[in-house]
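In: Whatever this is, show me its structure:
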Amino acid sequence: MDYSNYDVPKSKDEFTTAWCNDPISQGSTGTCWCFSTSSYFESEVFRLSQKQVKLSELYTVYWEYIEKAKYFIQTRGSSEFPEGSETNAVTRMMKKYGAMPWDAYNGLEEGQVFHDHSKLFDEMTAYLATVKRDNNWNEEVTIGTIKSILNHHIGTPPTSFKVEGKEMTPLQYLSDELKLDMDNYVNFMSLLEAPFYTKAEYDVPDNWWNSADYNNVPLSDFIEILKTSVKQGYSIAIGGDVSETGYSASNDVAMIPTYDIPSEYINDEARQMRFTNGSTTDDHAIHLIGYKETKDDFWFLIKDSGSGARNGKNEGYYFYHEDFVKLKTMNFTIHKDAVKTILGKIN
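Out: Below you'll find the model as predicted:
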């Protein structure tokens, strides 16, 4: 795509933003879902209590793998066991296992700069394949082995740690220090395959536990929530498709090319057709942190843990045009206070 005829943002400093930590890399892992949503909750802690914290992404990843393995046993090997997951997996794991600061558990070996889960993931999937082959559905043994693999590659997470001299468990840290209530966070999608204003399942492989906790709303509501919320100071954890020809790492920009679909034709049917035929896929999760509004355009500032986000002039950031979000963003997690009116419409 030729961007020269478009007035695209040049710097993240042009945007009005919510507070967030500086971008970090997820390395060679499929854990964007956790890096993006952990960043989101760091911003939420600051929004709610003005505290600046850095959370451990790998603590949540650790327990997500444990829960995936449990479900694999319970379903006799018919469930997915992907590296990926969804933004609401983080709320689910935090509610059950709590959270911890990055300096208590970072999942890196001494001297290691970037995460690399290729050997970890290969070892776990190879082991689970033998479990399925041998019809060996002993959950205690299987989970014990998965834990030993995780412990070897990313370390054993502590059961407690000190915060400003006070010993805490992960659940205490979540409630007493972060002061986050996971029941305050809700999820949205916008697809024609389920009735609008109902809760529905987001039917993608990374939704491996078949969560049907998504509020399905029309595109007009979907995009209005994002625009209104970010203008009110909220940030949002979002997921969608980034494998598009209008997606340029070197330009830090995501746009819909005119040869795809004109702006005025982006509607519910256009979204659903692309999702159904596979041209829109569930690629990546990211953190929406700001906006820029001009006479002709609305842009979103995106914080991205993926490697591609480090190839442009604004390392760790992308500028998403409103049309790209309308057509290619598939779901998001947000605080319920930002969506009280729309939640009142959900059956």
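In: Now do the helices in the stretch 151-300 of the chain.
Out: 170-172, 219-231, 268-277 (DSSP state H, counting those that start in this stretch).
In: Residue 261 is nearest to which of those helices?
Out: helix 268-277 (5.9 Å; Cβ to Cβ). To be clear about C-beta, it is placed using only N, CA and C from the backbone, and glycine gets the same treatment.
In: ok, how many other residues are close to residue 136?
Out: Neighbours of residue 136 under the rule other Cβ atoms under 10 Å: 11.
In: who's in contact with the helix or strand of the chain with the lowest mean pLDDT?
Out: Using mean pLDDT, DSSP states H and E, strand 247-248 stands out as the lowest-scoring helix or strand of the chain, at a mean of 92. For strand 247-248, contacts defined as Cβ atoms under 8 Å, 6 or more residues apart in numbering pick out 1, 3, 253-254, 312, 324.
In: switch the cut-off to 10 Å
Out: 1, 3, 8, 241, 253-257, 283-284, 308, 311-312, 318-320, 324, 328 (Cβ atoms under 10 Å, 6 or more residues apart in numbering).
In: For this protein, identify the residue most remote from the centre.
Out: Going by Cα atoms, centre = their mean, the residue of the chain most distant from its centre is residue 134, 34.7 Å out.
In: ok, now which ones touch residue 17?
Out: Residue 17 neighbours (Cβ under 10 Å, 6+ apart): 43, 230, 233, 235, 289-292, 301, 303, 317.
In: Quick one: buried ones out of these?
Out: Buried residues within these, counting neighbours by 16 or more other Cβ atoms under 10 Å: 43, 230, 235, 289-292, 301, 303, 317.
In: Sitting in strands, which of the contacts of strand 247-248 do you find?
Out: Those of the contacts of strand 247-248 mapping onto strands are 253-254, 284, 318-320, per DSSP state E.
In: Could you find the closest non-adjacent residue to residue 145?
Out: Counting by Cβ to Cβ, 6 or more residues apart in numbering, residue 145 lies nearest to residue 127, which is 6.0 Å off, once chain neighbours are set aside.
In: Count the residues that sit near that neighbour.
Out: Neighbour tally, residue 127, other Cβ under 10 Å: 15.
In: Then residue 156?
Out: 12.
In: closest to residue 339 out of the helices of the stretch 151-300 of the chain?
Out: If we rank these by Cβ to Cβ, the stretch that ends up nearest is helix 219-231, at 5.8 Å.
In: Output that closest one as CSV, nothing but the C-alphas.
Out: Provided in CSV are the C-alpha atoms of helix 219-231 (Å, rounded to 0.1, in the frame of the first residue of the first chain):
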residue,chain,number,x,y,z
LEU,A,219,-20.6,-2.7,14.7
SER,A,220,-22.1,0.8,15.4
ASP,A,221,-22.1,0.1,19.1
PHE,A,222,-18.8,-1.8,19.0
ILE,A,223,-16.8,1.1,17.5
GLU,A,224,-18.7,3.8,19.5
ILE,A,225,-17.7,2.0,22.7
LEU,A,226,-14.0,2.1,21.7
LYS,A,227,-14.0,5.7,20.6
THR,A,228,-16.1,7.0,23.6
SER,A,229,-14.2,5.0,26.2
VAL,A,230,-10.7,6.0,25.0
LYS,A,231,-11.8,9.7,24.9
